[in-house]
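>>> Need a 3D model of the following:
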Amino acid sequence: MSTPVIKQASLREHTRIHGLGIYRPSVVVTNEDVCQWIDSSDEWIRQRTGIVTRRRAPRDVSVVDMAEAAAREALADAGIEASQLGAVLVSTVTHPHATPSAAAQLTDRLGATPAPAYDISAACAGYCYGIAQADALVHAGSAEYVLVVGVEKLSDFIDNGDRTISFILGDGAGAVVIGPSDSAGIGPSVWGSDGSKHGAIRMSHSLLEIRDYSLAAAAGGEGTSAASAEAQAALWPTMRQDGQTVFRWAVWEMAKVAQQALDAAGITSADLVAFVPHQANIRIIDEMVKQLKLPEHVQVARDIVDAGNTSAASIPLAMHRLLKEQPALSGGLALQIGFGAGLVFGAQVIVLP
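Reported below is the predicted structural model:
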């Protein structure tokens, strides 16, 4: 008796970005504001990072709230209904719940149930990881349209007095709808990780440390004292980084990854109209431009000046700003690359929506 042949999903040859949406928080934090917390100056912060202001969300605005706002705008831009989504992917490292996922809650809010939904924990490369997975899902016929959201509320995980990374970080969300296309709109993804450098960008404490402290304080009868509460609050995990390690890795190694993405797409830098890197630091961006020898006509996204480093949200936020300021870039080729904590990285050449 022969084994029946399993029916396969219909493969799709090409994919593209059909719609783009963002959410920028209302609270603007200036360098002067930051200098209330750290011993620095507006001039030093501008020179070292390029940042003039960063956006931070109000306390009552959550990761899911920001993701929803960006997602609704992306759906409207794509001209599709949430019910048409075959999957919802949310790239974030600041959703305050290990489970359930932000993606599942977002799917319900949008009316996209029962689409599969999951979060991607890949920090600043999270958006590019999401694009890689959405592209694969549509190619494989597992979904017709996939929503990819990059969203962070980093202000919930910073120590304002920390000089290594806190003054760089901002909040925000960006979303795209990926779907089938008559021509290639997303090139091959070049992505990976280097866990040997996992300590270069890290959290100050683990949640297990907070748990253990709480148990010890309760056993000692101090669980409700003001001193105990203050000490426990000090254990809240906040971001830290080894700036020099990250800078060297990003400049020298990520320029190679970006070139690999160009090669995989079968194009050269001269074919690009835009370069949309993760908005980590203006000096990193400028050095990558030099390493890649980008022609003068290639427009470089520098949203970090006003938005700060928004991790998984930075690339769609920067893309949106670039297209708003220069709509003629729409339909041209852009190189995007994300890199950060893990250490992780991902890059693709895309057709700008």
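
>>> tally of neighbours for residue 267?
For residue 267, the tally of surrounding residues (other CB atoms under 10 Å) stands at 15. To be clear about C-beta, it is placed using only N, CA and C from the backbone, and glycine gets the same treatment.

>>> just the one 5 residues further on next, same as before
Counted with other CB under 10 Å, the burial measure for residue 272 works out to 23 neighbours.

>>> tell me the contacts of it?
If you count contacts by CB atoms under 8 Å, 6 or more residues apart in numbering, residue 272 has them with 262, 294, 295, 298, 332, 333, 334, 335, 349.

>>> where does the stretch 201-350 of the chain have low pLDDT?
Regions of the stretch 201-350 of the chain meeting the criterion pLDDT under 70 cover residues 220-234.

>>> what do you get if the cut-off is 50, keeping everything else the same?
Filtered on pLDDT under 50, the stretch 201-350 of the chain yields the residue ranges 223.

>>> Check which helix or strand residue 347 maps to.
Per DSSP states H and E, residue 347 falls inside strand 344-351.

>>> and that strand, what does it pack onto?
In this structure, strand 344-351 makes packing contacts with strand 15-23, helix 126-140, strand 190-193, helix 254-265, strand 333-340, judged by 3 or more CB pairs under 8 Å, 6 or more residues apart in numbering; DSSP states H and E.

>>> make it 7 Å
Taking 3 or more CB pairs under 7 Å, 6 or more residues apart in numbering; DSSP states H and E as contact, the helices and strands that strand 344-351 lies on are helix 126-140, strand 190-193, helix 254-265, strand 333-340.

>>> Mind giving me the packing neighbours of the shortest one?
Applying 3+ CB pairs under 7 Å, 6+ apart, one finds that strand 190-193 makes contact with helix 126-140, helix 254-265, strand 344-351.

>>> now the longest one against strand 15-23, angle please.
Spelled out, that is helix 126-140. Relative orientation of helix 126-140 with respect to strand 15-23: 140 degrees, computed using axes from the mean of the first three to the mean of the last three CA atoms, to 10 degrees.

>>> Mind listing what's buried along helix 126-140?
126-139 (16 or more other CB atoms under 10 Å).

>>> need those residues in a markdown table with distance to residue 68 and pLDDT, can you?
Shown next, in a markdown table, are those (distance: CB to CB, whole Å; pLDDT from 0 to 100):
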| residue | distance to residue 68 | pLDDT |
| --- | --- | --- |
| 126 | 17 | 98 |
| 127 | 17 | 98 |
| 128 | 22 | 98 |
| 129 | 21 | 98 |
| 130 | 16 | 98 |
| 131 | 20 | 98 |
| 132 | 23 | 98 |
| 133 | 20 | 98 |
| 134 | 18 | 98 |
| 135 | 23 | 98 |
| 136 | 25 | 98 |
| 137 | 21 | 98 |
| 138 | 22 | 98 |
| 139 | 27 | 97 |
